[in-house]
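Chemist: model this:
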Amino acid sequence: HETTFTRYILASQKAYPEAQGDLTLLLAGVQIACKIIESCVRRAGVAQLYGLAGSGNVQGEDQKKLDIIANDVFKENVETTQKVCVMVSEEEDLAIVCDKTFGTAKYAIAFDPLDGSSNIDANVSIGTIFAIYKIQDPASVTTPEQAKAAILQPGRDMICAGYAMYGSATNLVISFQNEGVHGFTLDNTVGEFLLTHPNIRIPAEGKIYSVNEGNASNWDAATSKYVEMVKYPSDGSKPYSARYIGSMVADVHRTLLYGGIFMYPADKKNASGKLRLLYEAAPMAFIMENAGGGAITGPERILDIIPSNIHGRVPVYMGSINNVKIVQKLYSSRASSEKAVEAKELAHV
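Modeler: Next comes the predicted model:
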């Protein structure tokens with residue numbers, strides 16, 4: 001028998017006798033939302049859904065028509081499960097309080113309804129990213145400010161993370177806390193996500209690097225050094241291959257399957273990087289670590305960061321564990337050098 005996404009979630013629930021099925025129902029809503037968004041993406045050309053909507057989101061980015069549709073679809077299908085008390089979307093300024101749950105829903109969800117939307121009109125792979133957290137006292141969450149405080153948790157406390165990728169096929173990849181990573185592919189003939197990539201493990205080392213080199217002149221020394229090392233190996237070995245799609249879901253998905261490293265570093269123009277921690281960097285870091293990889297900002301582990309803002313940004317380096325360790329070592333060396341210089345200057349004061 002083929003394992004469908006629904007069957008997999010139900011089987012996972014049985015491993016927890018105390019489970020009441022709330023997370024199962026929530027993920028059923030997420031699955032339906034991804035199917036509807038997939039349908040909209042497929043029909044975007046003929047249904048005239050390409051192009052700008054004439055509005056901007058909280059980050060000041062132009063919103064595409066599909067951005068708004070995907071956001072509305074995700075919100076509606078997740079909220080109607082009545083299993084979330086808080087939602088955070090890339091497209092919404094404030095955290096959303098779900099008032100239909102009467103203080104009983106114990107989960108919060110943060111999501112990017114359509115990641116990589118600048119690629120929509122070019123028919124390049126795009127996706128949806130989500131992260132699910134547990135709320136300790138849902139009855140106390142009644143305002144957007146309280147909702148924000150409740151969901152600002154470090155990624156290590158995440159219950160579940162996943163992403164859907166709408167490309168040549170539609171994939172749904174999911175991972176639970178302290179468990180593996182599993183990939184499903186949508187079979188449109190039966191309308192179900194089927195398990196096609198059980199227990200995904202990223203190779204310990206890869207020979208692909210993925211970064212927007214158009215920003216190279218603005219990188220810091222550690223990032224520049226790493227890219228130079230993989231392009232011009234000092235031992236005469238074969239250089240790494242460069243692959244960059246410009247859609248985080250697509251670039252991370254390829255990195256997860258083939259190994260290597262995906263990077264979106266901070267630079268002189270964006271001191272904190274560009275990827276949002278709560279609904280982009282943290283869920284992808286959660287998946288990457290559960291697949292045996294690593295995910296850092298340079299100096300620190302992404303999953304250890306406590307967000308200060310629902311739309312806060314961080315630099316991102318994630319992928320094969322050996323590749324990520326090299327980047328981390330470069331940042332450690334740089335920090336040690338800076339401390340040595342500082343100590344020398346203080347000694348002369």
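
Chemist: surely Leu303 meets Arg156?
Modeler: Yes - using CB atoms under 8 Å, Leu303 makes contact with Arg156 at a distance of 4.4 Å. Placement of C-beta: from N, CA and C, glycine included.

Chemist: Kindly export stretch 137-155 (C-alpha atoms) in PDB.
Modeler: Provided in PDB are the C-alpha atoms of stretch 137-155 (Å, rounded to 0.1, in the frame of the first residue of the first chain):
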ATOM      1  CA  ASP A 137      -1.600  29.100  28.100                       C
ATOM      2  CA  PRO A 138      -3.800  29.700  25.000                       C
ATOM      3  CA  ALA A 139      -6.600  31.200  27.000                       C
ATOM      4  CA  SER A 140      -4.400  34.200  28.000                       C
ATOM      5  CA  VAL A 141      -3.700  35.100  24.300                       C
ATOM      6  CA  THR A 142      -6.300  37.700  23.300                       C
ATOM      7  CA  THR A 143      -4.400  40.500  21.600                       C
ATOM      8  CA  PRO A 144      -1.900  40.700  18.700                       C
ATOM      9  CA  GLU A 145       0.800  41.800  21.200                       C
ATOM     10  CA  GLN A 146       0.100  38.700  23.500                       C
ATOM     11  CA  ALA A 147       0.100  36.500  20.300                       C
ATOM     12  CA  LYS A 148       3.500  37.900  19.300                       C
ATOM     13  CA  ALA A 149       4.900  37.200  22.800                       C
ATOM     14  CA  ALA A 150       3.600  33.700  22.800                       C
ATOM     15  CA  ILE A 151       5.100  32.700  19.400                       C
ATOM     16  CA  LEU A 152       8.500  34.300  19.900                       C
ATOM     17  CA  GLN A 153      10.200  31.000  20.800                       C
ATOM     18  CA  PRO A 154      13.600  29.600  19.800                       C
ATOM     19  CA  GLY A 155      13.500  27.100  16.900                       C
END
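
Chemist: in it, what's buried?
Modeler: Within stretch 137-155, the residues scored as buried using 16 or more other CB atoms under 10 Å are 138, 141, 144, 146-148, 150-155.

Chemist: what's the average pLDDT for that stretch?
Modeler: Stretch 137-155 shows a mean pLDDT of 94.

Chemist: Tell me how far that stretch lies from the chain's centre.
Modeler: 20 Å (CA atoms, centre = their mean, to the nearest Å).

Chemist: which residues touch it?
Modeler: 85-86, 88, 94-97, 99, 101, 103-106, 108, 110, 131, 133, 135-136, 277-278, 281-283, 285-286, 302-310 (CB atoms under 8 Å, 6 or more residues apart in numbering).

Chemist: Low-confidence ranges, this protein, go.
Modeler: Counting by pLDDT under 70, the chain contains low-confidence ranges at 1, 44-64, 100-103, 335-349.

Chemist: can you give me the helices in it?
Modeler: 5-14, 22-43, 65-79, 144-151, 221-231, 248-258, 282-290, 321-347 (DSSP state H).

Chemist: circling back: pull out the buried residues from the contacts of stretch 137-155.
Modeler: 85-86, 88, 95-97, 101, 105-106, 108, 110, 131, 133, 135, 277-278, 281-283, 285-286, 302-303, 305, 307, 310.

Chemist: Would you mind finding the most buried of the helices of the chain?
Modeler: Among these, ranked by average contacts under mean count of other CB atoms under 10 Å, first place goes to helix 282-290 (a mean of 27).
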